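J.: Here you go, sequence then predicted model.
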Amino acid sequence: MSAAIQTAWVQSWPWLIVAGASTIVAGRGVLSWLKRRQILDCPNERSSHTLPTPRGGGLATSPVMAALLLLLGWQASHPLILTLGGGALALLAISWIDDRRGLPPGPRFLAQAATVGLGLLPVAGAVVGDALPWWADSLLAGLGWLWFVNLYNFMDGIDGITGIETLSLGTGIAIVASLAPADPVLIPAGLAVAVTGGAFLHFNWHPARMFLGDSGSVPFGFVLGGLLAGLAAEGQLAAALILPGYYLADATITLTRRALNGEKVWQAHRKHFYQRAVQGGKRHDQVAAAIGIGNVLLVAAAALAAAGHPWPGVVAAIGIVAALLAVLHRWSQGSPA
């Protein structure tokens, strides 16, 4: 491990302490405010919860994450990290309006696309590699990043799942950046996002006392998508695809099925693998924990790819994701794993 990587890990500790403490303090304040204002997510036929629950935890997580990224980006004079911090704040504002009043899919999508387009500028043409011309690389990376923002929102459907995924991805990004080696700034950035998401589990672990809402899941998806794009631009495309492997598979398979059935894919539903596992009788925390275990294995597969063995890492990741989907499918049938 190089001296720069070792220094990045040592210097990450203050960021982690601030991220965790700030999220807990801000979360308590936001939870109290949401209760006073009666801003609640009431159960309906598409919900996986049964009691009215305060919704808007993103008002705590997104400002903390954005502030840390802006400070880190300013300290390191790093355009990608600065752009991610600013974009997270912009998407927080748009998503909070959507949480409270509802926005049509068109304007919401255009706002996300514009933010992703700006976020792509520091890594444009370098994400996929030399296999594609500059414009094709940028277009493919932009579409993939935009899809990731939305799938992160789609997958926020049971207690604890987004906190687990954010904790896993942020930590995985830091580990891969250490092994590659990649830009050292990805280490504190990934860890700060990981701890912010992990600290939110204090409020969102089953039974949840507060939901994240679009104001949290959309900025998390944007920032993590940008950090994964940063990894890919450092030559770690395989690892960047492996880390979110379960989320990519569940969301893409489910969306494709719904589209083929003629359903409105942007509407809320309960057809993801993890949601059907809960409907099959498993608790939210059991399903979230299973996904967490799968993610630990995916981090190991990504580390293998980062260490110079991309194809064995990809093959291992495919097996891990397939096994996790199979377990969740069996649970959806009411069968033990």
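T.: Cool, the structure landed.

J.: Tell me which other helices or strands the strand or helix carrying Ala303 touches.
T.: In the assignment (DSSP states H and E), Ala303 maps to helix 284-306. Here helix 284-306 touches helix 161-179, helix 237-242, helix 245-260, helix 273-279, helix 310-332, going by 3 or more Cβ pairs under 8 Å, 6 or more residues apart in numbering; DSSP states H and E. Glycine gets a C-beta too; all of them are placed from N, C-alpha and C.

J.: elements contacting the second one?
T.: Okay, so that is helix 237-242. Secondary-structure packing of helix 237-242 (3+ Cβ pairs under 8 Å, 6+ apart): helix 214-233, helix 284-306, helix 310-332.

J.: Tell me what angle the first one forms with helix 284-306.
T.: Right, the one you point to is helix 214-233. Helix 214-233 and helix 284-306 meet at an angle of 20 degrees, taking axes from the mean of the first three to the mean of the last three Cα atoms, to 10 degrees as the criterion.

J.: Which pLDDT value belongs to Pro336?
T.: The per-residue pLDDT reported for Pro336 equals 51.

J.: Kindly report the same for Pro14.
T.: Reported pLDDT at Pro14 in the predicted model: 89.

J.: Leu201 now?
T.: Reported pLDDT for Leu201: 98.

J.: doesn't Thr162 make contact with it?
T.: No: the pair Leu201 / Thr162 is not scored as a contact, 9.1 Å apart, by Cβ atoms under 8 Å.

J.: Mind checking which of those two has more residues around it?
T.: Thr162 (29 against 19; other Cβ atoms under 10 Å).

J.: Please name the residues that touch that one.
T.: By Cβ atoms under 8 Å, 6 or more residues apart in numbering, Thr162 lies in contact with Tyr152, Met155, Asp156, Gly197, Phe200, Asn204, Leu212, Gly216, Ser217, Phe220.

J.: which regions of the protein sit below the pLDDT cut-off?
T.: 1, 44-50, 265-266, 335-337 (pLDDT under 70).

J.: repeat that with 90
T.: Within the chain, the ranges that satisfy pLDDT under 90 run 1-12, 14-15, 41-52, 98-106, 124-132, 134-135, 180-182, 257-271, 334-337.

J.: Can you pull up the most central residue in it?
T.: In the chain, the residue lying closest to the centroid (Cα atoms, centre = their mean) is Gly221, at 4.3 Å.

J.: what about the residue nearest to that one when sequence neighbours are not counted, which SS state?
T.: What sits nearest to Gly221 in space, not counting adjacent residues and going by Cβ to Cβ, 6 or more residues apart in numbering, is Tyr152, at 2.8 Å. The three-state assignment at Tyr152 reads helix, by DSSP: H, G, I helix; E, B strand; the rest coil.

J.: Shouldn't Pro207 be within a helix?
T.: No: checked against three-state DSSP, Pro207 lies outside a helix; its state is coil.
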